[in-house]
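Participant: Whatever this is, show me its structure:
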Amino acid sequence: MRVHFIAIGGAAMHNLAIALHLKGDEVTGSDDEIFDPAKSRLQRYGLLPEAVGWHPERITSEIDAVVLGMHARIDNPELQRAQELGLRIYSYPEYLYEQSKSKLRIVVGGSHGKTTTTAMILHVLAHCGIEADYMVGAQLAGFEVMVRLSDTAKVMVIEGDEYLTSPIDRRPKFHLYKPHVAIITGIEWDHINVFPTFGIYREQFAKFINLIEPSGTLIYCNEDNEVRFVAESCGRGDIAKLPYETPAYHVSEGITCLEGEPPIPLRVFGRHNLLNLTAARLACRQIGVDDAAFNAAISSFAGATKRLELVKAGETTAVYKDFAHAPSKLRATIAAMKEQFPNRKLVACMELHTFSSLSVEFLSQYAGTMDKADVPIVFYSRHALQLKRLPELSPAQVKAAFANESLRVYTDSSQMVRDLRDREWSNTNLLMMSSGNFDGIDLATII
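Facilitator: Below is the predicted model:
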């Protein structure tokens, strides 16, 4: 196959391009900007475009398929040329589905926990010697790329994002995968630029359930009221419904253990991760992995990138980073740190970075989310507001929205770092939470 990628520099797109290259397809691509790590990784595999920009003359009838990234606009000259030639144009999720039609598809959906749950499933399958294709939203230890496609795997595990498919297809991505086994980890309003009300957002998960293959399985978090409502409201009598809850566990000497004889020590911690683990366990059962094999494998799972990831540790302090940006994830991540390190203070800093989090109409959703932190901090960049074409946001508005008198708000990352370095860090942890990068701060050098 000869496949051309329009907007090859995207996080998902460049990984799919590399996956097809490793599979043996002829891959080309273009983009108007490509940054690291995509740039370096494409270069390593000989896939980096020779010149930045769009080159419609490169779109010829010899191309078997065009994959269109979300970054491209509807008037993209390469897209227009492909349409003129009548080429088969796929969105990213369409192409993944096309490549997995003959496989058993496990799709992990939810407002949070998708990446970790997907990563746990893949870790267990690898440990058990079960070949699987996959798409996951973070780089995982032991996995060369974030996408794998083959002609031999009988299973594909897909992280099911609810954001839009492409500039010419406004369906949520996870509506295209048609799972045999579907997981919903949680439902919390997000992407308000696309789903302007919570009702519209929640409806996407109801549609996701209705797209499960006949006689399939729905695994859902019974502790999330919205998930339970959507799952129980579904009229699909042909699918098996498997609710799950937090398993019994204890924390001993800084290690979280699942209850059992003997207890199963884990390298991850936090109730939200234990919920993710239980969802992964139920999914693995569907393809023949028993609990003993699952427990043996999951004890060595160290987590996905930026999911309570340890950055730096000393005798009485540690720095962790996490992808948390949604209100419930802030609560869960802060609670996990306090439970795991009960004798240490917690300085928790989150960055408002997404369209939703920087929107005045959404900010009130964060009320009380950082109350359990000893020192709560919020950072946002005025440049991010400009890029997203959002109105000015004042620190006073942010503080009022979080409803926390102790909250410190920064718009200057340099000043925030200076103030953090001036703190006394004995018996204190630092938790940095963002879907961005805090204006490029090197987290390992803060303390």
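Participant: what's the pLDDT at residue 168?
Facilitator: At residue 168, the predicted lDDT confidence score is 85.
Participant: And the one 4 residues further on, by the same measure?
Facilitator: Residue 172 carries a pLDDT score of 95 in this model.
Participant: Residue 165 too?
Facilitator: 89.
Participant: and what of residue 305?
Facilitator: The model's pLDDT for residue 305 equals 82.
Participant: Give me the neighbour count for it.
Facilitator: 15 (other Cβ atoms under 10 Å). C-beta: built from backbone N, CA, C; applies to glycine.
Participant: For the stretch 151-300 of the chain, which segments count as helices?
Facilitator: For the stretch 151-300 of the chain, applying DSSP state H, counting those that start in this stretch gives helices covering 198-210, 225-233, 271-285, 291-298.
Participant: With distance to residue 309 and mean pLDDT as extra columns, can I get those helices in CSV?
Facilitator: Shown next, in CSV, are the helices of the stretch 151-300 of the chain (distance: least, Cβ to Cβ, whole Å; pLDDT from 0 to 100):
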stretch, distance to residue 309, mean pLDDT
helix 198-210, 28, 97
helix 225-233, 26, 97
helix 271-285, 12, 97
helix 291-298, 17, 98
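Participant: and among these, the most buried is which?
Facilitator: helix 271-285 (a mean of 23; mean count of other Cβ atoms under 10 Å).
Participant: now that helix against helix 291-298, angle please.
Facilitator: 130 degrees (axes from the mean of the first three to the mean of the last three Cα atoms, to 10 degrees).
Participant: rewinding a little: let's have the helices of the stretch 151-300 of the chain in TSV, adding distance to residue 105.
Facilitator: Output for the helices of the stretch 151-300 of the chain, formatted as TSV (distance: least, Cβ to Cβ, whole Å):
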stretch	distance to residue 105
helix 198-210	13
helix 225-233	19
helix 271-285	11
helix 291-298	20
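Participant: Of all the ones you listed, which one comes closest to residue 370?
Facilitator: helix 271-285 (15.8 Å; Cβ to Cβ).
Participant: Just to check, residue 241 is in contact with residue 216?
Facilitator: No: Residue 241 lies out of contact with residue 216 (Cβ atoms under 8 Å); the separation is 10.3 Å.
Participant: The two: which is more packed in?
Facilitator: A direct count of neighbours by other Cβ under 10 Å for residue 241 and residue 216 places residue 216 higher, at 21 against 14.
Participant: Look up how far residue 209 lies from that one.
Facilitator: 10 Å (Cβ to Cβ, to the nearest Å).
Participant: what's the closest of the helices of the stretch 151-300 of the chain to residue 351?
Facilitator: For residue 351, the closest of the helices of the stretch 151-300 of the chain is helix 271-285, at 19.3 Å, according to Cβ to Cβ.
Participant: residues of the one helix or strand residue 81 maps to that come out buried?
Facilitator: Here residue 81, judged by DSSP states H and E, is contained in helix 77-85. The neighbour-count check on helix 77-85 (16 or more other Cβ atoms under 10 Å) flags 77-79, 81-82 as buried.
Participant: That helix - contacts with which helices or strands?
Facilitator: Counting contacts by 3 or more Cβ pairs under 8 Å, 6 or more residues apart in numbering; DSSP states H and E, helix 77-85 packs against strand 2-6, strand 65-68, strand 89-91.
Participant: ok so residue 107 is a strand residue?
Facilitator: Yes: under DSSP: H, G, I helix; E, B strand; the rest coil, residue 107 sits within a strand.
Participant: number of nearby residues for it?
Facilitator: Neighbour tally, residue 107, other Cβ under 10 Å: 29.
Participant: which non-adjacent residue is nearest it?
Facilitator: Closest residue to residue 107 apart from its sequence neighbours, by Cβ to Cβ, 6 or more residues apart in numbering: residue 179 at 3.7 Å.
Participant: Run the chain-centre distance for stretch 406-413.
Facilitator: Chain-centre distance of stretch 406-413: 26 Å, with Cα atoms, centre = their mean, to the nearest Å.
Participant: same question but for stretch 256-267, I mixed them up
Facilitator: Relative to its parent chain, stretch 256-267 has a centroid offset of 26 Å by Cα atoms, centre = their mean.
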